[in-house]
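A.B. asks: Dropping a prediction and its sequence here:
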Amino acid sequence: MAAAAQPRSLERVCQQLVAAPSANLVRHYLTERLCAQLDLDRLEAACHRLLVERLPEVVRARPVRLAIDLPLRPYYGTDGAVPDQGRRGAAKAGTTRFDADATAFVLDAGRRVPLALSFGHAHEALADGVTDLLERVQRLGGPLAYRFLDREFATVAVRDALHDQPFVSVVALPQRGQRLQALLTGRASRRTTDTMRSADDGELPFPLWIAGRYAAGRRGQHRREHWPFAVVGRPTCPWPVRRLAEADRARFGLESRYRQAEPGRAPTTSRQPGLRLRLVAISLLLPNLGVWLKAQLVRLTPRRERAAVRAWLEATFRLDRLRDLLLPALQARYAVHTPLTLPLPCPIPLKL
């Protein structure tokens, strides 16, 4: 937690805190006692329990919207303890290998609360990762209303797995292919059908929703923009096309949530995928703790004053403020090395 709050590596944190164990002992417990004795599936289950231990009651009480994303974090190590760990992709940040941890978020009243995390193996199909995430979320007991998936999940296998599910799934489509490009015309939003083809999984017809809107100078564009979606599941989605597109835009806020969580991910060069997964889970846990704490403070406030307290918390108690409060508490518990003792005598006293 101290490494996530700053962020610093485990080595630097152990040098910083007086009562902390040595960095070698911490790494020994993490790699030899934790990661070596627990497989990745059990580590995923432990990370999931961490994320859902403190959740607002509204997440369990009413149907929620779920967003599933697949962020790619650059990985520069070798295979390490697990062969073929991570996924291959287009060159980015000096590497073609990435940690791909699929994440499920609840979208509720402007909040994006992570619920589940799944380590992405190189040999694992995306459809299996999506199914695993949904099973973890459904164990919470709360009903699902809509699911929004990123463009990485626009495959035949994923859509086939979602087709007969008892809730609506919305998959954003990449705008490529001559057939799809020919459909992205006209001024009005509309519904139609299309067919996706795959050499491995065959063909799958699906309902295609196309939302259109004038760019009005956004991103320097002055033309009609189109957003294609695959909308599957049962029952059929009753929303108009434009309303569905606006609801999907809430998924874009996940990028800002990742930017918020990334400073809380302790840096590491470890080749242990379990350790890297644990550090990612802690970085996602900090926003969850902030959301839970805000909800508790609002609940304890008299009803007539809750709106003002909620507005004050949203403006003041941000994620960086939570880390600022967490760090002094950890330093007070473990004490901090304040003086710097030179290993050799210094004849002239220095003042900084």
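C.D. replies: Alright, I've got the coordinates.

A.B. asks: what bits of the stretch 51-200 of the chain have low per-residue confidence?
C.D. replies: Applying pLDDT under 70 to the stretch 51-200 of the chain flags the ranges 56, 58-61, 77-86, 109-110, 142-143.

A.B. asks: Tell me where it has strands.
C.D. replies: Chain-ordered strands for the stretch 51-200 of the chain, with DSSP state E, counting those that start in this stretch as the definition, fall at 64-69, 72-74, 87-92, 95-100, 102-108, 111-118, 144-149, 168-172, 190-198.

A.B. asks: right, so of those strands, which gets closest to residue 5?
C.D. replies: The minimum distance between residue 5 and those falls on strand 111-118, with 17.8 Å, by CB to CB. C-beta here means a position set from N, CA and C on the backbone, and glycine is covered the same way.

A.B. asks: From the contact counts, what lies against that closest one?
C.D. replies: Under the contact definition 3 or more CB pairs under 8 Å, 6 or more residues apart in numbering; DSSP states H and E, strand 111-118 sits against helix 40-52, strand 102-108, helix 126-138, helix 253-261, helix 273-299.

A.B. asks: out of those, deepest packed?
C.D. replies: Burial among the helices and strands packed on strand 111-118, expressed as mean neighbours by mean count of other CB atoms under 10 Å, is greatest for strand 102-108, which shows a mean of 22.

A.B. asks: now that one and helix 126-138, what's the angle there?
C.D. replies: Interaxial angle of strand 102-108 relative to helix 126-138 (axes from the mean of the first three to the mean of the last three CA atoms, to 10 degrees): 40 degrees.

A.B. asks: Could you spell out the sheet neighbours of strand 102-108, each with its direction?
C.D. replies: Strand 102-108 sits in its sheet next to strand 64-69 (antiparallel), strand 111-118 (antiparallel), going by DSSP bridges.

A.B. asks: next structured bit after the longest strand belonging to the chain?
C.D. replies: In terms of residue count, the longest strand belonging to the chain (DSSP state E) is strand 202-214. Elements were assigned by DSSP states H and E; along the chain past strand 202-214, the next helix or strand is strand 224-232.

A.B. asks: Grab the most central residue of this protein for me.
C.D. replies: Centre of the chain computed as the mean C-alpha position; nearest residue by CA atoms, centre = their mean is residue 103, 4.5 Å away.

A.B. asks: Where does the prediction get shaky in the stretch 201-350 of the chain?
C.D. replies: In the stretch 201-350 of the chain, residues with pLDDT under 70: 219, 252-261, 350.

A.B. asks: Neighbouring strands - and their directions - for the longest strand of the chain?
C.D. replies: Sheet neighbours of strand 202-214, with direction, are listed as strand 190-198 (antiparallel), strand 224-232 (antiparallel) (DSSP bridges).
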